[in-house]
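Chemist: Dropping a prediction and its sequence here:
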Amino acid sequence: MDRDSSLLNLPIGQPLTDEELAANRRDSTADLLAHPLNGPFYVDRSAGLPKITVPLLSAANCAHGLDLQRRFFGRFLKGEDTGWDRQPPVQLNVRHVDGGFEQRAEQEGPLARTEWTRLYLHPGNGSLSTEAPADRCTAQFDALGGGSTFTTEAFAEPTEITGPAAARLVVASSTTDADLFLTVRVLDPEGRDIRFVSALDPAGVVAHGWLRASHRALDAERSLPYRPWRPHDRLNPLTPGPGRSAWR
């Protein structure tokens with residue numbers, strides 16, 4: 001509830017009337033539409049992580065998540081030796097193109113042995129390469145069309161993609177705003193998509209992200225090359241036409 005909302009003074013355990021229940025309901029969709037920018041409304045509803053002084057576990061309800069919960073609660077509620085003290089700081093579930101999974105323990109994230117790789121978009125031929133394009137060119141598509149696809153050369157050896165990714169784009173729009181959706185996909189030798197089981201989709205992709213152009217402002221102090229940090233506290237509309245608007 002909002003800070004200025006009145007709280008009902010009812011004894012613990014006393015049921016609320018239909019009128020009281022109705023007064024406490026919120027239309028979440030209307031709330032979101034009424035608060036398009038970050039501010040007190042969202043701050044009041046966000047967890048203050050530095051204030052947490054007790055062990056906290058956030059886990060899904062699949063079999064693996066249930067096992068984590070049993071060991072966590074056994075350790076901190078019952079004092080049992082469940083092996084939790086030997087739990088690695090990071091545990092990956094690596095997805096393979098054949099549909100299999102591999103659990104792997106790590107000590108940090110992003111991984112210290114990450115080979116950060118910069119790839120350049122080549123709108124002229126739709127390629128994705130470690131070499132920057134020699135000439136300036138553009139790729140054009142309709143907002144509700146199929147978009148643009150950029151592909152790398154076929155990988156000559158097994159390659160693992162683990163950790164964060166960021167994209168820097170220079171775009172122009174015929175409107176004052178635009179929603180961009182970026183997807184990292186894996187294609188087989190015939191150009192067909194290889195699907196992966198994800199948290200919400202049994203036929204997911206490697207990674208995806210989206211951003212509204214008017215929310216492209218960056219917090220330079222909190223941003224990292226692989227993790228742009230956006231305050232989402234103001235709007236920066238686009239100038240319609242072939243101008244340049246760059247963000248990552």
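Modeler: Sure thing, it's come through.

Chemist: could you pull out the helices for the protein?
Modeler: Shown for the chain, the helices assigned by DSSP state H span residues 18-24, 28-34, 40-43, 63-78.

Chemist: for those helices, which one sits closest to L92?
Modeler: L92 sits nearest to helix 63-78 of all the helices of the chain, at 12.1 Å, using CB to CB. Every C-beta, even on glycine, is put in place using the N, C-alpha and C of the backbone.

Chemist: tell me the centre residue of this structure?
Modeler: G209 (6.2 Å; CA atoms, centre = their mean).

Chemist: Which pLDDT value does the model give it?
Modeler: Per-residue pLDDT puts G209 at 93.

Chemist: which secondary element of this structure has the worst mean pLDDT?
Modeler: Ranked by mean pLDDT, DSSP states H and E, the helix or strand of the chain with the weakest confidence is strand 245-247, at a mean of 56.

Chemist: still on that earlier bit, show the contacting residues for the nearest residue to the residue nearest to the centre of the chain once chain neighbours are set aside.
Modeler: Among residues not flanking G209 along the chain, L182 sits closest, at 5.3 Å (CB to CB, 6 or more residues apart in numbering). Taking CB atoms under 8 Å, 6 or more residues apart in numbering, we find L182 in contact with 167, 208-210.

Chemist: any idea which of these is closest to D188?
Modeler: H208 (19.0 Å).

Chemist: The closest one and Q107: what is the separation?
Modeler: According to CB to CB, to the nearest Å, H208 stands 27 Å off from Q107.

Chemist: neighbour count winner among these two?
Modeler: H208 (13 against 9; other CB atoms under 10 Å).

Chemist: shouldn't that one be in contact with S198?
Modeler: No: at 9.4 Å, H208 and S198 do not qualify as touching, with contact defined as CB atoms under 8 Å.

Chemist: With respect to burial, which of the helices of the chain scores highest?
Modeler: Ranked by mean neighbour count, these are led by helix 63-78 with a mean of 14 (mean count of other CB atoms under 10 Å).

Chemist: So which of the helices of the chain is nearest F155?
Modeler: Comparing the helices of the chain under CB to CB, the one sitting nearest is helix 63-78, at 28.8 Å.

Chemist: shaky segments in the protein?
Modeler: Within the chain, the ranges that satisfy pLDDT under 70 run 1-13, 243-248.

Chemist: Show me the strands in it, by range?
Modeler: For the chain, strands defined by DSSP state E occupy the ranges 90-95, 101-106, 120-122, 127-129, 169-171, 179-184, 207-212, 245-247.

Chemist: So which bits of the fourth one are buried?
Modeler: Neighbour-count burial for strand 127-129 flags S127 (criterion: 16 or more other CB atoms under 10 Å).

Chemist: And the third one, by the same measure?
Modeler: The neighbour-count criterion (16+ other CB under 10 Å) identifies 121-122 as the buried residues of strand 120-122.
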